[in-house]
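# no FASTA, just this:
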Ligand code: SAM
């Protein structure tokens, strides 16, 4: 049978693609892309003529069956998403899970990812961190997730859409401890890459200062050192933070 390659692509800067990624994309029989039109720009830029097929959130289940058949027939396939590492807040889980269940070979190439890029330059602790992907849209669920994240006592990382970033920071302001440290990583690897670090008010001020500041792509990171609540033993306060997201 063939092999499935997970191939990360740039998150903004077209040069951020490895020699190995280009080699794999050129030599495979088929590229499964989140949006074939979007990826044709990258493939065109590097003169890669490999055939593409779409695989996105809405057809991933059906495509999985088809691609598994092709792998079993001996085809090699590369999976790419619009930007960064496939499966990280992007399609691909169903396909990789099925490959593993069928004993098909999966090879992942390391490469660009907004999560690791933002975290490594954030200045927040990196020894332990949790990645939450996108926050829930509903206010109550969002507040609960943020509270649970801040309560863990280590760095929490979120992806956020530009139209929601200011609202999310307001929910942080209303719910989280004033000791929470924030970093907003914006437009990573692009010309207007910016890191804003400080309190929630510092980040809100930055967004309000210029309409251009609220546009683009964002990773939000926060860190709240766990505080010993007086009278509550250490283990119990950790247990409380674990239970918080389960509360009605
Ligand atoms: N798979 C991608 C990765 O490896 O990072 C993430 C895909 S997810 C659908 C898109 C989100 O990632 C954006 O809404 C934003 O939060 C984050 N993101 C992607 N590129 C970014 C960049 N250049 N700067 C900051 N955040 C970025």
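Cool, got the structure. If you're wondering where the values come from, they're calculated on a predicted model, not measured in any experiment. Residues are numbered from 1 along each chain as shown.
# Count the residues that sit near residue 125.
Residue 125 has 14 neighbours, counted by other CB atoms under 10 Å. All C-beta atoms are positioned from the backbone trio N, CA, C, and that covers glycine.
# Was I right to think it contacts residue 156?
No - when contacts are counted by CB atoms under 8 Å, residue 125 is not listed as touching residue 156 (10.9 Å).
# distance of whatever residue of the chain ends up closest to the ligand from residue 52?
Here the chain gets closest to the ligand at one residue, residue 84, 2.4 Å apart by CB to the nearest ligand atom. Relative to residue 52, residue 84 is positioned 18 Å away (CB to CB, to the nearest Å).
# Between these two, which is the more surrounded one?
Counted by other CB under 10 Å, residue 84 and residue 52 do not tie: residue 84 has more neighbours, with 25 against 19.
# who's the more buried one bridged to?
residue 9 (DSSP bridges).
# Just list the residues touching it, thanks.
By CB atoms under 8 Å, 6 or more residues apart in numbering, the contact set of residue 84 is 8-11, 90, 111-114.
# next one: residue 98
Counting by CB under 8 Å, 6+ apart, residue 98 has contacts 64, 68.
# Establish whether the helix or strand it falls within and the ligand are in contact.
Taking DSSP states H and E as the criterion, residue 98 maps to helix 93-102. No - Helix 93-102 does not reach the ligand (CB under 6 Å from any ligand atom); its nearest approach is 12.0 Å.
# which intervals of this structure have sub-threshold pLDDT?
Residue ranges of the chain with pLDDT under 70: 227-235, 237-238, 241, 248.
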